[in-house]
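A.B. asks: A structural model of the following input is requested.
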Amino acid sequence: MIRRGFSARKARDEWRRGSAPCRPARILYVTHNAPGNALWGTELNLLDLIDHLDRERYQPVAAVVQEEGAMVEALHSRQVPVFGTRAPRPSRLSVRALAEALAASRSCAREVDGTAPDLIHINHRWAARTGLALARRLRVPAVLHLHGRPRPHHYFTDGAALARAVVANSRFTAQAWDWWPARRRLAVVYNGVRLSDFQFHPRRRAAVRRELGLRGDEPVIGCVGRGTAEKGHVYLLRALACLPRARIPTTLFIGIPPAGSPADCAPHVREIHRELARLRLQKKVRLLGFRTDVPRLLSALDLLVAPSLQESFGRVAAEAMAASRPVVATRVGGLVEVVEEGETGLLTPPADPAALAGAIAALLATPARRERMGEKGRRRAERYFSLEAHIAGMSAVYRAAMLGFPPPCEIAPAAASMGRPGERSIHAQGIGDYSHS
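C.D. replies: Alright, predicted model coming up:
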């Protein structure tokens, strides 16, 4: 339903023709804060979307954020009004949990009603109950954006049936709801990265290496990710220990704080510190902590390693490819869709240090192969993972949701990798004029 003087029939005709509507559609965002005072992939993806939406068609009018943190500050810096809520993250379905979500939506509805949203975008299932209850109360359509693979029962516990459209960040994420009778509402829109930020420049590479005290010809690899067990940092450390001592490359852990810093109290971060000491790799591994200059740091690497145990998409792999860096990743989740094995990188089994060490050694020993993989990775990122492709896909979903139609593209059930015949997803090359009879 399109509210408050916005003629639904006139809007529908204008959207069908592709012309600009009489006013931009007002989008209300409901999101959460990442653990810790940092912005990771899910949060950065939403901020990029807000920054680059076509303002003639869509206007971010406000955001509802669960808990205080870096996300609130980032939204304030973009002049997006923020309303807070203490709604908890989804847990087991219970009367108490439902009551908390309804109470949160009731208080939010009073605060945001003056913004008169036309659509609610819910960023992650952690905000689903509050966002969907709020959409129901305001009588506007909602788009639920999944950044992690849900379990089948989350369809019921999170209230996803109330969403006009559900967006998955990969086919892997979407497969969890292959059984969903209404899967026509489900679309795959790959996350996007700002390609211009990651353009490789030899001078920048040399400058960053000097800043870090690295020699120009020194082999350097890197791992980017927050300090949680599923990112697989300890398996990368064990892989390094499998290599001959003289051939262990300098390794940058971007996102892992050094021992003694205020942020080193997380259990898995302490485990990384213990493993680092046990394997006596302190001289080879540098813990750089959370950094906002990841594009610059990637340019200093010879290759990126993504040793994740689970990954719904793999944004950092797409960023490395955009930076013309080859990727060694585990064969899990969305990483299989991002990295083209043998072309833009190598894939290994998860939790297998020996296989990971072999892939790292193979690429470090062949500079020409690394260069070819980097060039192919850049082309693949331009084709599938650009921010422009992501914006186009999300705009198509917004448009369909406000018109009351399912998303313009569907995916084939149980699709496992990109490029198979019959698969359909939303990306820059696949979006045309959207109309329904």
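A.B. asks: make it CA atoms for all contacts and neighbour counts henceforth
C.D. replies: Noted.
A.B. asks: can you pull the pLDDT of the residue sitting furthest away from the middle of the chain?
C.D. replies: Distance from the centre of the chain peaks at Ala246, with 36.4 Å (C-alpha atoms, centre = their mean). pLDDT for Ala246: 93.
A.B. asks: How about Tyr155?
C.D. replies: According to the prediction, Tyr155 has pLDDT 63.
A.B. asks: Provide a list of residues in contact with Met162.
C.D. replies: Just to correct that, residue 162 is Leu rather than Met. By C-alpha atoms under 8 Å, 6 or more residues apart in numbering, the contact list for Leu162 reads 132, 136, 142.
A.B. asks: What separation is there between it and Ile256?
C.D. replies: 38 Å (C-alpha to C-alpha, to the nearest Å).
A.B. asks: Also Leu243?
C.D. replies: From Leu243 across to Ile256, the span is 22 Å (C-alpha to C-alpha).
A.B. asks: if you count what's nearby, which of these two comes out ahead?
C.D. replies: Between Leu243 and Ile256, counted using other C-alpha atoms under 10 Å, the more crowded position is Ile256 (27 against 16).
A.B. asks: Verify the contact between the more buried one and Gly227 for me.
C.D. replies: Yes: contact between Ile256 and Gly227 holds when scored by C-alpha atoms under 8 Å: they sit 5.8 Å apart.
A.B. asks: Would you mind listing where the chain has pLDDT under the threshold?
C.D. replies: Residue ranges of the chain with pLDDT under 70: 1-22, 34-37, 66-67, 85-102, 104-107, 113, 152-158, 262-265, 408-437.
A.B. asks: what's the domain layout of this structure?
C.D. replies: Following automatic domain parsing, one gets these domains for the chain: 8-192+386-430, 195-384.
A.B. asks: could you pull out the helices for the stretch 51-200 of the chain?
C.D. replies: Using DSSP state H, counting those that start in this stretch, the helices of the stretch 51-200 of the chain run over residues 70-77, 95-112, 128-138, 154-157, 171-175.
A.B. asks: Over to the stretch 301-437 of the chain?
C.D. replies: With DSSP H, counting those that start in this stretch as the criterion, the stretch 301-437 of the chain has helices spanning 315-322, 335-338, 353-364, 367-384, 387-403.
A.B. asks: Need the ones you listed in JSON lines (columns: distance to Gln282).
C.D. replies: JSON lines is the format used below for the helices of the stretch 301-437 of the chain (distance: least, C-alpha to C-alpha, whole Å):
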{"stretch": "helix 315-322", "distance to Gln282": "24"}
{"stretch": "helix 335-338", "distance to Gln282": "29"}
{"stretch": "helix 353-364", "distance to Gln282": "18"}
{"stretch": "helix 367-384", "distance to Gln282": "26"}
{"stretch": "helix 387-403", "distance to Gln282": "37"}
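A.B. asks: Deepest in the core, which of these is it.
C.D. replies: helix 315-322 (a mean of 28; mean count of other C-alpha atoms under 10 Å).
A.B. asks: so what secondary structure elements neighbour that helix?
C.D. replies: strand 303-306, strand 327-330, helix 335-338, helix 367-384 (3 or more C-alpha pairs under 8 Å, 6 or more residues apart in numbering; DSSP states H and E).
A.B. asks: so which of these gets nearest Arg149?
C.D. replies: When the helices and strands packed on helix 315-322 are compared by C-alpha to C-alpha, helix 335-338 sits nearest Arg149, at 12.9 Å.
A.B. asks: Could you tell me how far the closest one lies from the centre of the chain?
C.D. replies: The gap between where helix 335-338 is centred and where its chain is centred comes out at 13 Å by C-alpha atoms, centre = their mean, to the nearest Å.
A.B. asks: Kindly export stretch 52-60 (C-alpha atoms) in PDB.
C.D. replies: The C-alpha coordinates for stretch 52-60 follow below in PDB (Å, rounded to 0.1, in the frame of the first residue of the first chain):
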ATOM      1  CA  HIS A  52      24.100   5.700  -3.900                       C
ATOM      2  CA  LEU A  53      20.300   5.300  -4.300                       C
ATOM      3  CA  ASP A  54      18.800   7.300  -7.100                       C
ATOM      4  CA  ARG A  55      17.400  10.300  -5.100                       C
ATOM      5  CA  GLU A  56      14.900  11.100  -7.800                       C
ATOM      6  CA  ARG A  57      13.200   7.800  -7.100                       C
ATOM      7  CA  TYR A  58      14.100   6.900  -3.500                       C
ATOM      8  CA  GLN A  59      14.600   8.900  -0.400                       C
ATOM      9  CA  PRO A  60      15.900   7.400   2.800                       C
END
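A.B. asks: Could you report the distance from the residue farthest from the centre of the chain to Lys283?
C.D. replies: Ala246 is 12 Å from Lys283, by C-alpha to C-alpha.
A.B. asks: In three-state terms, label the residue farthest from the centre of the chain for me.
C.D. replies: Secondary structure, DSSP: H, G, I helix; E, B strand; the rest coil: Ala246 is helix.
A.B. asks: for Gly255, phi and psi?
C.D. replies: Dihedral angles phi and psi of Gly255 (degrees, to the nearest 10) take the values phi 110, psi -10.
A.B. asks: distance of it from Ala300?
C.D. replies: With C-alpha to C-alpha as the criterion, Gly255 and Ala300 are 16 Å apart.
A.B. asks: Those two: who's more crowded?
C.D. replies: A direct count of neighbours by other C-alpha under 10 Å for Gly255 and Ala300 places Ala300 higher, at 28 against 21.
A.B. asks: Please tell me I have it right and that one contacts Gly222.
C.D. replies: No: look at Ala300 against Gly222 with C-alpha under 8 Å: they stay out of range, at 9.0 Å.
A.B. asks: which residues does Ala381 contact?
C.D. replies: So Ala381 contacts 195, 318-319, 321-322 (C-alpha under 8 Å, 6+ apart).
A.B. asks: so how many other residues sit close to the closest residue in space to Pro350 that isn't next to it in sequence?
C.D. replies: Among residues not flanking Pro350 along the chain, Thr330 sits closest, at 5.1 Å (C-alpha to C-alpha, 6 or more residues apart in numbering). Applying other C-alpha under 10 Å, we find 26 residues neighbouring Thr330.
A.B. asks: I'd assumed Leu304 was in contact with Thr330.
C.D. replies: No: distance between Thr330 and Leu304: 11.7 Å, which falls outside the contact criterion (C-alpha under 8 Å).
A.B. asks: residue ranges for the strands of this structure, please.
C.D. replies: 25-32, 58-66, 82-85, 119-123, 142-146, 165-168, 186-188, 220-224, 250-254, 285-289, 303-306, 327-330, 345-348 (DSSP state E).
A.B. asks: Kindly present these as TSV, with separate columns for distance to Val338.
C.D. replies: Listed next are the strands of the chain as TSV, based on distance: least, C-alpha to C-alpha, whole Å:
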stretch	distance to Val338
strand 25-32	25
strand 58-66	29
strand 82-85	33
strand 119-123	21
strand 142-146	17
strand 165-168	14
strand 186-188	13
strand 220-224	16
strand 250-254	20
strand 285-289	25
strand 303-306	12
strand 327-330	10
strand 345-348	10
